[in-house]
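> fold the following and give me the result.
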Amino acid sequence: MKSFSMPADFKNETIDAYVGLNCEFADSKVTETYGQITDGFVLGSGRSYNLIPHINLHKLAQYVEYSKQNEIDFNYTFNSTCLGNQEFSSQGIKHLKEFLKELEYIGIDSVTVAQPSLMELISENFDFHIKASTLCNIDSVNKALAYEQMNVKRFVVEEAINRRFDILTQMTQAVKEADVEIIVNAICHKDCIYRMFHYNYTSHDAQDATENPSGSYYSHRCMMQRCKEASNILKLSWVRPEDIYHYVDAGVTHFKLQGRQAVMDGNPVRTVRAYMEESYDGDLFDLLDMFAKTNAFQPKIDNKKLDHFLDPYLKNPQFCSNNCKQCYYCENYLKSVEDYDTIQKVYCEASVFYNQFDEFKQNIRK
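Take a look at the predicted model:
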C-alpha cells in the first residue's frame, strides 16, 4: 500500500476529505499530516515562521484528536537544523523534555527530527516514532543504516537522489527496521549551494520577525538559480504521479508532499488525489505548488508531455553525472515538448525582477 504524508492546514474539513480519499482508493492512503505550533514554545523548522499556518498547542490538541479519531496520525516537525546549542545545556534539555511531554500528552506519537543530538534526547526519554528529516541529507545506504541504528523508524531521503533508482533500491533492501520516504513535489534547485544555510536560517526564524532584506535573501537566491535556464525546471527533483509505480518497484511505499507554505492558499486534497490516481492532466507546477500561486514568474509545463523524461534514468541509474555543462539532456528534452524560448523569456523577466529588487544587495552596498 502507498502511504502519503501531507502538510497540515489544521482544518477538520481537510481531514474529512482525506478520509473520503482513503475510502475511495484501496491501495493508497493518507496516513498522516505534519506540522508545528507557531504560538508558545516554538522551535524553528524547515519552513519560515511567517509562511506556515499559525496555531497554538490547544488548537493542535483538538486537531490531533480529530485526526486520530479518523485514523490519520499527526507528525510533529521538530526538524530544526540548529537549536542554538540549547540541547546541550541543562536548562535547554529541561525545556525540550517539558515540551515533548506536552506533545505526548495530547496524543502525538511521531516526530520529524534533523539533529542527531535531538534524536538521542528523544530516544532516551520517550517512545516517539522518529522520522529523520530530509535535512539530514540521507543520500547513501551507509547514512540510512546509521540513522536506523539511532532508532529512526522512517527517513526522508535527500531529494537530489530521487532519480537514483539504484540507491533507492539498495536502501529499501538494506534497512530492516525503518521505512524509506521520498518527497514527490520537490521544489529546491538541485545541488543548491544555499540549501544548508537556508535551513539554518529558517531554524532561527521563529517568533522574532526577521527584517525583509535578510528574510528574502534565500528565497530570492533560490528563484534566481532556477531562472538562469529554462531547463532548470526539469532538473528539480520532482516525481510525477505517473511515475510513482517506478518507486514502488524500487521498494519505496511512503511518499511525502511538501507544502506547509502552500496549504493556506492551495489545495492539498486535489494534489494528493492526483498522486493517488497516478495521473494528472495539467501544469506540473500545479502539483509542485499544491495549486497555490507562489510567484508571478511561473511558466506552464504540460505534465503529460513528460511521460518519457525518466526513461534514461530507468535504463541507466547513473545516467546523470551532475555535470550539466557536458550534458544537455534536460534542455533538449524541454525543447522537444515545450516552447523553450517562451519559458526562457519568462525566466529572463524573473531574473531582471529579482536582481532589481534584491534588498540584500542594496543593503550591503550602502
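> now the strands: where do they sit in the stretch 51-200 of the chain?
73-78, 110-113, 129-132, 152-156, 179-183 (DSSP state E, counting those that start in this stretch).
> can you list these in CSV and add distance to Tyr280, mean neighbour count and mean pLDDT?
No exception for glycine: its C-beta is placed from N, CA and C like everyone else's. Output for the strands of the stretch 51-200 of the chain, formatted as CSV (distance: least, C-beta to C-beta, whole Å; neighbours: other C-beta atoms under 10 Å; pLDDT from 0 to 100):
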stretch, distance to Tyr280, mean neighbour count, mean pLDDT
strand 73-78, 25, 24, 96
strand 110-113, 26, 24, 97
strand 129-132, 26, 25, 98
strand 152-156, 22, 22, 97
strand 179-183, 17, 21, 98
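> mind putting these into CSV with distance to His204?
As requested, these are exported to CSV (distance: least, C-beta to C-beta, whole Å):
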stretch, distance to His204
strand 73-78, 15
strand 110-113, 17
strand 129-132, 21
strand 152-156, 22
strand 179-183, 23
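> right, and the ones you listed - which one's nearest Leu103?
Closest of the strands of the stretch 51-200 of the chain to Leu103 is strand 73-78, at 5.6 Å (criterion: C-beta to C-beta).
> helices and strands around that closest one, which ones?
Strand 73-78 is packed against strand 28-35, helix 57-69, strand 110-113, with contacts defined by 3 or more C-beta pairs under 8 Å, 6 or more residues apart in numbering; DSSP states H and E.
> show residues contacting the last one.
Translated: strand 110-113. 32, 34, 73-79, 100, 103, 119, 122, 128-133, 153, 156 (C-beta atoms under 8 Å, 6 or more residues apart in numbering).
> just how off-centre is that strand within its chain?
14 Å (C-alpha atoms, centre = their mean, to the nearest Å).
> same deal with the first one?
Between the mean C-alpha location of strand 28-35 and the chain-wide mean there is a distance of 13 Å, by C-alpha atoms, centre = their mean.
> i'd like the first residue to be 367 from this point on
Fine by me, first position is 367 from now on; the one you just mentioned is strand 394-401.
> partner strands of that strand, with direction?
With DSSP bridges as the test, strand 394-401 is paired with strand 368-373 (parallel), strand 439-444 (parallel).
> report the angle between it and helix 423-435.
170 degrees (axes from the mean of the first three to the mean of the last three C-alpha atoms, to 10 degrees).
> if I pick Gly450, what's in contact with it?
His570.
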